[in-house]
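Peer 1: Got a predicted structure plus its sequence, pasted below:
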Amino acid sequence: MKHFIVSPFVPEKMTALLRGLLRRDEGQSLVEYVLIIALVSIVLVASLNALGAAIVAVPIAAVVAAL
């Protein structure tokens with residue numbers, strides 16, 4: 001196992017890394033995709049809850065006979 005020696009310049013390196021991450025735009029599109037997926041998921045769950053009772057009420061024999 002390697003032992004890592006912490007350099008006294010670690011805080012400066014970390015702040016430089018964080019500044020670089022905050023300036024990049026790639027993360028914004030990822031967040032937008034996550035928000036879209038979350039919204040679609042919420043709509044799907046709500047629609048399945050609304051249609052759940054109607055789907056359960058269909059008798060299986062009627063579906064089999066229709067096939």
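Peer 2: Nice, thanks for sending it over. Numbers count the residues shown, from 1 in each chain.

Peer 1: Tell me the first helix or strand C-terminal of the helix or strand hosting residue 39.
Peer 2: With elements taken from DSSP states H and E, the one containing residue 39 is helix 26-57. Read in the C-terminal direction, the helix or strand following helix 26-57 is helix 60-66, with elements assigned using DSSP H and E.

Peer 1: pLDDT weak spots in this structure?
Peer 2: Along the chain, the model assigns pLDDT under 70 to residues 1-11, 18, 21-22, 24-27.

Peer 1: make it 80
Peer 2: Within the chain, the ranges that satisfy pLDDT under 80 run 1-29, 53-59, 62-63.

Peer 1: Give me the residue at the spatial middle of it.
Peer 2: residue 34 (4.6 Å; Cα atoms, centre = their mean).

Peer 1: ok, back up a step: just how off-centre is the helix holding residue 39 within its chain?
Peer 2: When distances are taken as Cα atoms, centre = their mean, to the nearest Å, helix 26-57 is centred 11 Å away from the chain's centroid.

Peer 1: circling back: now the residue nearest to the centre of the chain: how far from residue 45?
Peer 2: Residue 34 sits 16 Å away from residue 45, taking Cβ to Cβ, to the nearest Å as the criterion. For the C-beta atoms, the positions are set from N, CA and C on the backbone; glycine is no exception.

Peer 1: repeat for residue 32
Peer 2: As defined by Cβ to Cβ, residue 32 lies at a distance of 21 Å from residue 45.

Peer 1: And for residue 17, the neighbour number?
Peer 2: By other Cβ atoms under 10 Å, 10 other residues sit near residue 17.

Peer 1: Apologies, that question was intended for residue 32.
Peer 2: Around residue 32 there are 10 other residues, counting by other Cβ under 10 Å.

Peer 1: how near is it to residue 51?
Peer 2: For residue 32, the distance to residue 51 equals 29 Å [Cβ to Cβ].

Peer 1: With that, I have no additional questions.
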